[in-house]
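K.L.:
Kindly return the folded structure for what I paste below:
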Amino acid sequence: MNELVEAADEKQLTKTINRYGRVDLLVIDELGYMELDRRGAELLFQVLTEREEKNAIAIASNQSFSAWTDTFTDPRLCAAIVDRLTYNATIIETGTQSYRLAHTRARNQAS
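P.N.:
Predicted coordinates:
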């Protein structure tokens, strides 16, 4: 989000969004960890729209879609983002336990 905000401030947003639109796989980790202000959410929406039905997006989040209204405080924008991400998507739910914690415990038990 910081890069998108800076690009918008420097009148380079179109160039930055196009760059994000060209990569084969865009990975967004920890979505939902921090609340996004309206501007950040709108910029992310633009990136997702640019990539829609063109290139892959992988998102990791510890929240269900219904809890994303805490991250994207505008309900309409949140619904639009979820709509973009879930259309023709493969959704993999890994459960509520932390992968990192489970991995560390398994490694410690093996030692």
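
K.L.:
how about the strands in the protein?
P.N.:
Secondary structure of the chain (DSSP state E): strands located at 25-28, 56-59.

K.L.:
Excluding chain neighbours, what is closest to Phe45?
P.N.:
If the residues on either side of it in the chain are set aside, Phe45 comes closest to Ile81, at 5.7 Å by Cβ to Cβ, 6 or more residues apart in numbering. Heads up, the C-betas are built off the backbone N, CA and C, glycines and all.

K.L.:
Tabulate the strands of the chain (a markdown table), appending mean neighbour count.
P.N.:
Compiled in a markdown table, those are given as follows (neighbours: other Cβ atoms under 10 Å):
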| stretch | mean neighbour count |
| --- | --- |
| strand 25-28 | 13 |
| strand 56-59 | 14 |
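
K.L.:
For Asn18, find the nearest of these.
P.N.:
With respect to Asn18, and counting by Cβ to Cβ, the nearest of the strands of the chain is strand 25-28 at 12.7 Å.

K.L.:
In JSON lines, list the strands of the chain along with mean pLDDT and distance to Trp68.
P.N.:
Rendered in JSON lines, the data for the strands of the chain read as follows (pLDDT from 0 to 100; distance: least, Cβ to Cβ, whole Å):
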{"stretch": "strand 25-28", "mean pLDDT": "94", "distance to Trp68": "12"}
{"stretch": "strand 56-59", "mean pLDDT": "92", "distance to Trp68": "10"}
